[in-house]
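# this is the structure alone, sequence omitted:
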């Protein structure tokens, strides 16, 4: 049985890491950047996907892509920007100091995902408010709690992929490529746009990534029909990806110790 | 003549410098492959122009993304690497060097995107056949020259702001939507259609589609590409001139 002091002591490194991550995030991202770059991007990205859906399948395509676009709004912060934190530590030569901390790299980057989760949900909220009128379904706004529940599952999928990308970002020349690949993979494998003619091999790959199941769960949640098997599938896959991220980060730490340097730039 | 040699030298150097850069792979190969696969997987739907229009549109938005990220960030990279002052004191005009590097960006992007546009539609069983290959070569050359001028303007604009990467992010989607490259203008409300007239992507698309389907080229499209190239060049040169003058006066090459 842990005493309250021991419990506080156990959580203290997480609290410090999360607090520092918020400070670091705010040092890079001013209110102006949030106002003229991050939120407009979420809005325009959703509009672009709605238009592509309309090109593919008229009004039905707009609705399909609109919901996919709302889910996709969660992804750039978690899959592209979160791994940048690790890449920046690598370039700044500060990774060695971080490895000396009480938290291992996996738990550290998990704690440091806090501001990116906030950004992801902020972008999601913008997309959620803008898309319903565009697709002619303003009633969608009344299903906010269900949509939020679905968004949590998508965010978990994004976080698990983002942390695995983070692990690979510590390797040589992988930082820019891995994050962007994972973000575009969401469009391709997550079922954001109607892909009726997708080749079989693509569906096999999609089944191994948590994106598709998470977006399916989101679509069902928004429709008011909770799809518990899809949610379970997405959560299970996300768990597997989190374990993979922990293992790859552990491998990277061992490699750093073995070689005596963090310089895999 | 010496300006042309400098420009070609800068383009060649830039191609050597960035050809193995992961950004080239992301913007020149991954992005168009994903967009084209997504669009072709569901069929061309009601898109006017069908598969060729989707292919040309995807190629142009990838060219735009490459220009924003590569040419726009070009001078920020030089400043970060500490090589900006070296560029400023060279006898060659920095504007010519920057335009040359933007041309290099366009060449790499068009080669990569061209490969994707040849392979992906064929993989989906809808290869794009070109009715007038000569005209397509002309469009590619026009796109390269236009990109040189556009790159100069973007590089100058990006120097004015401190958060250049965020500006790049913010600039991508508006052009995807109203640029007239991929999304048909008919799908936009009337008030959102006019910005595409100012961007060369719409006109390059029109001429490229004429090359693919063999239809007659409208002189207005060629004229618009020429006018936009001159316009970007003049605007970029003016902003650049002011910034470099300010840098010389302040003795600080951190131009923003």
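Arrived safely, thanks for sending. Here the structure is a predicted model, which means the values were calculated and not measured.
# tell me which residue in the stretch 51-200 of chain B sits closest to chain A.
Across the stretch 51-200 of chain B, the shortest distance to chain A (CB to the nearest CB) belongs to residue B:173, at 3.5 Å. Backbone N, C-alpha and C define where each C-beta goes, glycine included.
# what sits up against the host helix or strand of that residue?
Taking DSSP states H and E as the criterion, residue B:173 maps to helix B:164-178. With contacts defined as CB atoms under 8 Å, 6 or more residues apart in numbering or on different chains, helix B:164-178 is touched by A:33, A:36-38, A:40-41, A:44-45, A:47-48, A:51, B:61, B:64-65, B:68-69, B:72-73, B:76, B:157-158, B:161, B:181-183, B:188, B:192-193, B:195-196, B:199, B:201.
# tell me the SS of residue B:130?
coil (DSSP: H, G, I helix; E, B strand; the rest coil).
# the helices in chain A, which residues?
A:4-28, A:31-33, A:39-72, A:75, A:82-92, A:95-99, A:105-111, A:114-134, A:144-169, A:175-189, A:200-208, A:210-222, A:228-259 (DSSP state H).
# tell me the most buried of the ones you listed?
By mean neighbour count, with neighbours taken as mean count of other CB atoms under 10 Å in any protein chain shown, helix A:75 ranks first of these at a mean of 28.
# residue ranges with poor pLDDT in the chain?
No chain specified, so I'll use chain A. A:1-2, A:4-8, A:172-176, A:196-198, A:261-265 (pLDDT under 70).
# other chain: chain B
Short version for chain B, where the test is pLDDT under 70: B:1, B:20, B:43-48, B:162, B:252-256.
# show me which residues of it are close to chain A?
B:22-23, B:25-26, B:30-31, B:34-35, B:37-43, B:45-47, B:124, B:163, B:166-167, B:169-170, B:172-174, B:176-177, B:182-184, B:187-188 (CB under 8 Å from any CB of the partner chain).
# among those, which ones are buried?
Buried subset of the residues of chain B next to chain A (neighbour count, 16 or more other CB atoms under 10 Å in any protein chain shown): B:22-23, B:25-26, B:30-31, B:34-35, B:37-43, B:45, B:47, B:124, B:163, B:166-167, B:169-170, B:172-174, B:176-177, B:182-184, B:187-188.
# will you turn the helices of chain A into CSV that also has distance to residue B:150?
Shown next, in CSV, are the helices of chain A (distance: least, CB to CB, whole Å):
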stretch, distance to residue B:150
helix A:4-28, 28
helix A:31-33, 24
helix A:39-72, 20
helix A:75, 29
helix A:82-92, 27
helix A:95-99, 38
helix A:105-111, 38
helix A:114-134, 29
helix A:144-169, 31
helix A:175-189, 22
helix A:200-208, 35
helix A:210-222, 34
helix A:228-259, 40
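# out of those, which is closest to residue B:130?
helix A:39-72 (22.7 Å; CB to CB).
# please see if that closest one touches chain B.
Yes - judged by CB under 8 Å from any CB, helix A:39-72 and chain B are in contact via A:40-41, A:44-45, A:47-48, A:51-52, A:54-58, A:61.
# now distance to residue A:163 too, for these, in CSV please.
Listed next are those as CSV, based on distance: CB to CB, whole Å:
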residue, distance to residue A:163
A:40, 27
A:41, 22
A:44, 27
A:45, 23
A:47, 30
A:48, 27
A:51, 32
A:52, 29
A:54, 35
A:55, 34
A:56, 32
A:57, 34
A:58, 38
A:61, 33
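# and residue B:242, what element?
Residue B:242 is part of helix B:219-250, with elements assigned from DSSP H and E.
# list the buried residues of that helix.
Within helix B:219-250, the residues scored as buried using 16+ other CB under 10 Å are B:221-222, B:224-225, B:228-229, B:231-233, B:235-237, B:239-240, B:243-244, B:247.
# for stretch B:191-199, same thing?
B:195-196, B:199.
# what lies in contact with it?
Here stretch B:191-199 has contacts from B:174-175, B:177-180, B:185, B:202, B:224, B:228, using CB under 8 Å, 6+ apart.
# can we see that at 10 Å?
B:60, B:64, B:150, B:174-175, B:177-181, B:183, B:185-188, B:202-203, B:205, B:224, B:227-228, B:231-232 (CB atoms under 10 Å, 6 or more residues apart in numbering or on different chains).
# by proximity to chain B, which residue of chain A wins?
Counting by CB to the nearest CB, chain A gets nearest chain B through residue A:44, at 3.5 Å.
# for residue A:79, see how far away that residue is.
18 Å (CB to CB, to the nearest Å).
# that older thread, quick one: closest of the helices of chain A to residue B:137.
Minimum separation from residue B:137 across the helices of chain A (CB to CB) falls at helix A:39-72, 28.5 Å.
# for the closest one, packing partners?
Packed against helix A:39-72 by the contact rule (3 or more CB pairs under 10 Å, 6 or more residues apart in numbering or on different chains; DSSP states H and E) you find helix A:114-134, helix A:144-169, helix A:175-189, helix A:210-222, helix B:31-41, helix B:50-66, helix B:164-178.
# for residue A:253, which of those helices is the nearest?
That would be helix A:144-169 among the helices and strands packed on helix A:39-72, by CB to CB, at 9.9 Å.
# relative to helix A:39-72, how tilted is that closest one?
100 degrees (axes from the mean of the first three to the mean of the last three CA atoms, to 10 degrees).
# counting by contacts, list what helix A:144-169 packs against.
helix A:39-72, helix A:75, helix A:82-92, helix A:105-111, helix A:114-134, helix A:175-189, helix A:210-222, helix A:228-259.
# so is the shortest one next to chain B?
Same thing as helix A:75. No - against chain B, helix A:75 shows no contacts by CB under 10 Å from any CB of the partner chain, the least distance being 13.1 Å.
# any idea how far residue B:248 lies from chain A?
Remark: distance between residue B:248 and chain A (CB to the nearest CB, to the nearest Å) = 29 Å.
# how about that residue: what's its closest non-neighbour residue?
Take residue B:248 and drop its neighbours on the chain: the residue closest to it by CB to CB, 6 or more residues apart in numbering or on different chains is residue B:88, 7.8 Å away.
# over to residue B:156?
Spatially, and ignoring its direct neighbours in sequence, residue B:156 is nearest to residue B:239 (3.9 Å; CB to CB, 6+ apart).
# ok, that neighbour - contacts?
Residue B:239 sits next to B:95, B:152-153, B:155-157, B:159-160 when contact means CB under 10 Å, 6+ apart.
# again with residue B:138
Going by CB under 10 Å, 6+ apart, residue B:138 touches B:132, B:207-208, B:211, B:217, B:222.
# and the two most separated of the residues you listed?
Between any two of those (CB to CB), the greatest distance is 13.9 Å, for B:132 and B:222.
# mutual contacts of those two, please.
Here residue B:132 and residue B:222 share the contacting residues B:138-139, B:210, scored by CB under 10 Å, 6+ apart.
# so which of those belong to helices?
Short answer: the shared contacts of residue B:132 and residue B:222 in helices (DSSP H) are B:138-139, B:210.
# and the angle for the helix or strand hosting residue B:97 with helix B:219-250?
Here residue B:97 is covered by helix B:94-123, with elements defined by DSSP H and E. Going by the same axes, to 10 degrees, helix B:94-123 is angled at 140 degrees with respect to helix B:219-250.
# by contact count, what packs against helix B:94-123?
Checked by 3+ CB pairs under 10 Å, 6+ apart, helix B:94-123 has helix B:2-18, helix B:22-25, helix B:31-41, helix B:50-66, helix B:74-81, helix B:84-88, helix B:133-160, helix B:219-250 packed alongside it.
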